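In: Fold the following and give me the result.
(2 chains)
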Amino acid sequence: FKGGPHAPYRQSERKENYRQYAEKLVADGHAYFAFDTPEELEEMRTRYKTAENPSPQYDHRLRMQMRNSLSLPESEWRALIENGTPYVIRIRMPENETIRFTDMIRGEVSFSTSMSDDKVLLKKDGMPTYHLAVVVDDYLMKITHAFRGEEWLPSAPVHLLLWRYLGWENDMPQWAHLPLILKPDGNGKLSKRDGERLGFPVFAMNWTDPRTNEFTQGFRERGFLPEAFVNMLAMLGWNDGTGKEVFTMEELIAAFDMSRVHKGGAKFDFEKAKWFNHEWIKQSTATRLLPDLKKIWEAAGISVNDDRYAERVIDMVKERCTLLTDFVDQSRFFFEAPAAPDMEPARGKWSEAKTAFFNELQPALRELGEWTSASIETCFKELAAARGIKVGELQLPFRLMLVGGKFGPAVFDIAATIDREDCINRIIKGLKSLA
RNA sequence: GCCGCGUUGGUCAAUCGGUUAAGACGCAUCCCUUUCACGGAUGAAUGACGGGUUCGAUUCCCGUACGCGGUACCA
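Out: So this is what the prediction gives:
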């Protein structure tokens, strides 16, 4: 991050900001210093743990039994600070107040402060927790709308109180707690692990965890178009009510309406995600696709030196590609002859007459006037008729020679696209492999 | 346990009190195509449960069940 109207943005560079506000809260009686060690906290949690209350909190019920600037005499806790005893700053949650606020998605939401614990605001190392940081940052950066995941809803009252205690209530952003994306199977919110387990990406782009060096493949590298990814995400938890599903970013911006955002989480469906990508590939122009595909082809060892030719190829095969990476297998034969054409599927019904046909086809093609799909087809069919062989029985072998497999666009289109000499050479090669 | 938020086919979902309960993904069958796809047609499959309110509830209210989230010096 560089520059910007409210820089710096990196939390570590804003460290001193936070302490100042945390201390102001202490001075105003809304927060306090707490000296409890991790061991002491652990001890408290095990001591007060019961069947009815499996997770006791550091709250108004317990804070006076802990070591903090509320429970200790002033001289004592001041001495502790002088000594350099590590401490945190915790918010002092009111005992029994109801916090109400309006969420753009959920409407009126209310919580009782008696349920919330005295959250740590400033950590021992002087860094803020998320609770302090969001409020201070959002205020300083003049944030108008706070959009975040539903998992933050329970801590919203802490944030509301902070806005109030810091005297910024009039500048508070509007809140929106978005529904979560859930695992396709089982329970819980979608995590990176689920992607690894089920074989799909969860991040937009490749990501290597700097701590563990663990690599995770992104949607982009998996072969997703950014347009499709955004489109897919937008439809997970929102729709415009008309049944339309494929949206451009511009259409999304025009159609989006908070009132139609769902409250419940949605399970992620990789099949549907791929469908979106397929739709986008089909509706994208070859020019749009070309730069991305050149990289993919290059990585697969396919050299592309004619952009116009590559664009023709893209238009011919794009409807059968779900992921950008599918273009490798679907178009390789346009750039290089199949290494060793597998003629097996044609071998069963092969005959001398067919060999003769393909031998005769070569000079016929060579003498053909214009090299187009229609002219090749006419030539091919006339020759087949003259030889008394059904065209259908010759098309599969022809495809196998040109493509190397039972897939791809119409055979005569392929023949017309690749070079005339190349086409004839592939016939020769195919015949050899049948011999 | 407690607090909060949810609950329409396998999945994503429309409906804002009256419908044969849309549509999409996936699945199945068929057509097109003597390849693979695209495309077209058809089909199977849905309102968690129990009470209210109402002439009438998928829709409004209350319970129950279930799911999710939170309950950290993580975000």
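
In: contacts, neighbours, all on C-alpha from now
Out: Will do.

In: Please enumerate the strands of chain A.
Out: Taking DSSP state E as the criterion, chain A contains strands spanning A:31-34, A:88-91, A:98-103, A:107-112, A:120-122, A:145-149, A:174-178, A:181-182, A:207-208, A:215-216, A:266-267.

In: can you tell which of the ones you listed is closest to residue A:327?
Out: Closest of the strands of chain A to residue A:327 is strand A:215-216, at 22.6 Å (criterion: CA to CA).

In: so what does the closest one touch, helix or strand wise?
Out: Packing contacts for strand A:215-216, counted by 3 or more CA pairs under 8 Å, 6 or more residues apart in numbering; DSSP states H and E, involve strand A:207-208.

In: helices and strands around the strand it packs on, which ones?
Out: So strand A:207-208, by 3+ CA pairs under 8 Å, 6+ apart, packs with strand A:215-216.

In: Averaged pLDDT, the strand it packs on. What do you get?
Out: Mean pLDDT, strand A:215-216: 88.

In: Next, format the strands of chain A as CSV and append mean neighbour count and distance to residue A:329.
Out: Below are the strands of chain A laid out as CSV (neighbours: other CA atoms under 10 Å; distance: least, CA to CA, whole Å):
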stretch, mean neighbour count, distance to residue A:329
strand A:31-34, 24, 63
strand A:88-91, 24, 59
strand A:98-103, 15, 49
strand A:107-112, 13, 51
strand A:120-122, 24, 55
strand A:145-149, 14, 40
strand A:174-178, 19, 40
strand A:181-182, 19, 33
strand A:207-208, 12, 26
strand A:215-216, 15, 24
strand A:266-267, 18, 31
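
In: Just put those in a markdown table and tack on distance to residue A:370.
Out: Output for the strands of chain A, formatted as a markdown table (distance: least, CA to CA, whole Å):
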| stretch | distance to residue A:370 |
| --- | --- |
| strand A:31-34 | 86 |
| strand A:88-91 | 83 |
| strand A:98-103 | 68 |
| strand A:107-112 | 69 |
| strand A:120-122 | 78 |
| strand A:145-149 | 62 |
| strand A:174-178 | 61 |
| strand A:181-182 | 56 |
| strand A:207-208 | 51 |
| strand A:215-216 | 51 |
| strand A:266-267 | 55 |
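
In: Compare those and give me the one nearest residue A:409.
Out: Closest among the strands of chain A, once you apply CA to CA, is strand A:215-216, at 34.4 Å.

In: And the closest one, how far out from the chain middle?
Out: Counting by CA atoms, centre = their mean, to the nearest Å, strand A:215-216 is centred 13 Å from the centre of its parent chain.

In: do stretch A:107-121 as well
Out: With CA atoms, centre = their mean as the basis, stretch A:107-121 stands 32 Å off its chain's centre.

In: which residues touch it?
Out: A:22, A:57-60, A:88-103, A:128-132, A:157-158 (CA atoms under 8 Å, 6 or more residues apart in numbering).

In: Close to RNA strand B: what parts of the stretch 201-350 of chain A are there?
Out: Neighbours of RNA strand B within the stretch 201-350 of chain A, by CA under 7 Å from any atom of the strand: A:235-239, A:241-245, A:260, A:262-269, A:271-272, A:275, A:319-321.

In: among the residues you listed, which ones are buried?
Out: A:235-239, A:262, A:265-269, A:320-321 (16 or more other CA atoms under 10 Å).

In: Widest-spaced pair of those?
Out: A:262 and A:320 (33.3 Å).

In: ok, and the closest non-adjacent residue to residue A:130?
Out: In this structure, residue A:130 finds its nearest non-sequential neighbour in residue A:121, 7.8 Å apart by CA to CA, 6 or more residues apart in numbering.

In: re earlier: overlap between the contacts of stretch A:107-121 and the residues near RNA strand B?
Out: Among these, RNA strand B is touched by A:57, A:88, A:128-130 when using CA under 7 Å from any atom of the strand.

In: Out of those residues, which end up buried?
Out: By neighbour count, with 16+ other CA under 10 Å, those hold A:57, A:88, A:128 as buried.

In: give the contact list for the second one.
Out: Spelled out, it's residue A:88. Neighbour list for residue A:88: A:33-35, A:120-124, A:126 [criterion: CA under 8 Å, 6+ apart].

In: pLDDT and distance to RNA strand B for the residues you listed - can I get that in CSV?
Out: Converted to CSV, the contacts of residue A:88 look like this (pLDDT from 0 to 100; distance: CA to the nearest atom of the strand, whole Å):
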residue, pLDDT, distance to RNA strand B
A:33, 97, 10
A:34, 97, 7
A:35, 96, 6
A:120, 97, 5
A:121, 97, 7
A:122, 96, 7
A:123, 96, 4
A:124, 94, 4
A:126, 92, 8
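
In: The residues you listed into CSV, with extra columns for distance to residue A:343?
Out: Formatted as CSV, the contacts of residue A:88 follow (distance: CA to CA, whole Å):
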residue, distance to residue A:343
A:33, 80
A:34, 79
A:35, 79
A:120, 71
A:121, 71
A:122, 72
A:123, 70
A:124, 72
A:126, 71
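
In: quick one: buried residues of stretch A:26-39?
Out: A:26, A:30-36.

In: What is the neighbour count of residue A:393?
Out: 14 (other CA atoms under 10 Å).

In: if I look at it, how far off is RNA strand B?
Out: From residue A:393 across to RNA strand B, the span is 5 Å (CA to the nearest atom of the strand, to the nearest Å).

In: the helices in the stretch 251-400 of chain A, which residues?
Out: A:270-283, A:286-299, A:307-317, A:326-335, A:344-347, A:352-367, A:373-387, A:391-403 (DSSP state H, counting those that start in this stretch).

In: Go through those helices and name the closest to residue A:189.
Out: Here helix A:270-283 is closest among the helices of the stretch 251-400 of chain A (CA to CA), at 14.9 Å.

In: Okay, buried residues for the closest one please.
Out: Neighbour counts over helix A:270-283 (16+ other CA under 10 Å) mark A:270, A:273-274, A:276-282 as buried.

In: Need those in a markdown table (columns: distance to residue A:335).
Out: Output for these, formatted as a markdown table (distance: CA to CA, whole Å):
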| residue | distance to residue A:335 |
| --- | --- |
| A:270 | 31 |
| A:273 | 30 |
| A:274 | 26 |
| A:276 | 28 |
| A:277 | 24 |
| A:278 | 23 |
| A:279 | 25 |
| A:280 | 24 |
| A:281 | 20 |
| A:282 | 21 |
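
In: Can you pull out the low-pLDDT segments for chain A?
Out: Applying pLDDT under 70 to chain A flags the ranges A:1-3, A:186.
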